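Colleague: requesting a structural model of the entry that follows:
(chains A, B, C and D)
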Number of protein chains: 2
Amino acid sequence: MTAPAEKHDVFKAIADPTRREVLRLLAESERPISEIADHFDMSRTAVTKHLNILTEAELISGRKEGREKIYQLHPEPLTEVKQWLSYYEKFWENKLSMLKHLVEDEK
Amino acid sequence: MTAPAEKHDVFKAIADPTRREVLRLLAESERPISEIADHFDMSRTAVTKHLNILTEAELISGRKEGREKIYQLHPEPLTEVKQWLSYYEKFWENKLSMLKHLVEDEK
DNA sequence: TAAACATGAAACCAATTGGTTATATTTTTG
DNA sequence: CAAAAATATAACCAATTGGTTTCATGTTTA
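Modeller: Residues are numbered from 1 along each chain as shown, chains lettered A, B, ... in the order given. Model prediction:
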């Protein structure tokens, strides 16, 4: 009803350091595959597979432009991670407020 | 010099839905292995492996108490994910503020 | 103390992951 | 048009992942 049964969820997509680096590159600017691949010490084909996984998680999308395929960032799915994290923030916020008490007691 | 060369990084640790569920359970309260395992449709041994991975990421820790091993949550490493996310927040902040407006309108 | 309980550890397995090389297709460009 | 450029696709492979079953060990407890 809500999510379209995502094949690769965003948590798995960002689990790989290469894919996180791809996201960082595309945050700077959109890029064709070959330019992305140049940043890594692996084959273009391997990079393409990572791009496919990121695409399935809807974190990026590619459009064909002439003989190139240009990929761009779509950060929206990261909100799911942020929401998940927010549940745990209270645990370290408590420690912060405890710390705040300590600090205030010292005044 | 800083981090002790973590074998399993936190991004990989939270990539698995079973492990995220374990974290949620331990957020409620600390629990022995058998009680954690009762929540899943898999063997206790399989759950133990997930607990080991979470332990290596320092997201949980277990102490032996009699014949039980009690695990508890350590959410601190999640700050690494939060920091990573913060880099991308600027990209969706516009959309979030739109959402905030919607929520506030409902009050 | 014997049985039950909780865990640990080892061996094994299928599927997935992350990579490779080789070949084909489409699109410029000289 | 022929060659170069950019990508796509397929077949393959080793390592990792996520699970299993079996057996051993330490700890209560009846």
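Colleague: looking at chain A, which residue is nearest chain B?
Modeller: A:Ala15 (3.8 Å; CB to the nearest CB). Where you see a C-beta, it was placed from the backbone N, CA and C, and this is true even at glycine.
Colleague: just checking, that residue touches B:Ala15?
Modeller: Yes. Contact status for A:Ala15 versus B:Ala15: in contact at 3.8 Å, counting by CB atoms under 8 Å.
Colleague: sorry, back to before: part of a helix, is the residue of chain A closest to chain B?
Modeller: No. According to DSSP: H, G, I helix; E, B strand; the rest coil, A:Ala15 belongs to no helix; its state is coil.
Colleague: what is the neighbour count of it?
Modeller: Applying other CB atoms under 10 Å in any protein chain shown, we find 19 residues neighbouring A:Ala15.
Colleague: could I get the pLDDT score of it?
Modeller: Looking at A:Ala15, its pLDDT reads 97.
Colleague: and A:Leu25, by the same measure?
Modeller: Listed pLDDT for A:Leu25 reads 97.
Colleague: list the contacts for it?
Modeller: Shown in contact with A:Leu25 (CB atoms under 8 Å, 6 or more residues apart in numbering or on different chains): A:Arg31, A:Ile36, A:His39.
Colleague: can you tell me which of those are in strands?
Modeller: Here DSSP state E is the test, and these give A:Arg31 as lying in strands.
Colleague: for A:Ile70, grab phi and psi.
Modeller: phi -100, psi 130 (degrees, to the nearest 10).
Colleague: my guess is it contacts A:Glu35. True?
Modeller: No. Using CB under 8 Å, A:Ile70 makes no contact with A:Glu35, being 9.2 Å away.
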